[in-house]
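Q: Sequence isn't available, so here's the structure alone:
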């Protein structure tokens, strides 16, 4: 590891960001999984509510730079097309 204080600080910052990003991505995957289970379970009202939660979480992750905009759009599109129009 480098000896320069600025390099050490940047390394610590990158480790913190990496941990935070991984936690956020894990939460996103969990939310998407819950939405898919509700869709498959034919629970339309709860599925639509969960879809709104997923959309909000994905938009927040995009604004924070954790995932890319097109990736979030693709995930939202796939979930929306799987959800029947109620």
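A: Right, received. Where do you want to start? All figures in this text were calculated on a predicted structure; none of them were measured in a lab.
Q: what does the model give the residue nearest the centre of the chain for pLDDT?
A: By C-alpha atoms, centre = their mean, the chain has its centre lying nearest to residue 28, at 3.2 Å. Residue 28 is assigned 97 on the pLDDT scale.
Q: and the gap between it and residue 47?
A: Counting by C-beta to C-beta, to the nearest Å, the separation of residue 28 from residue 47 is 17 Å. (C-beta placed from N, C-alpha, C; glycine too.)
Q: same check, this time on residue 26
A: Counting by C-beta to C-beta, the separation of residue 26 from residue 47 is 21 Å.
Q: quick one: which of those two has more around it?
A: residue 47 (22 against 10; other C-beta atoms under 10 Å).
Q: quick one, what contacts the more buried one?
A: Taking C-beta atoms under 8 Å, 6 or more residues apart in numbering, we find residue 47 in contact with 35, 38, 39, 41, 83.
Q: Many thanks, have a good one.
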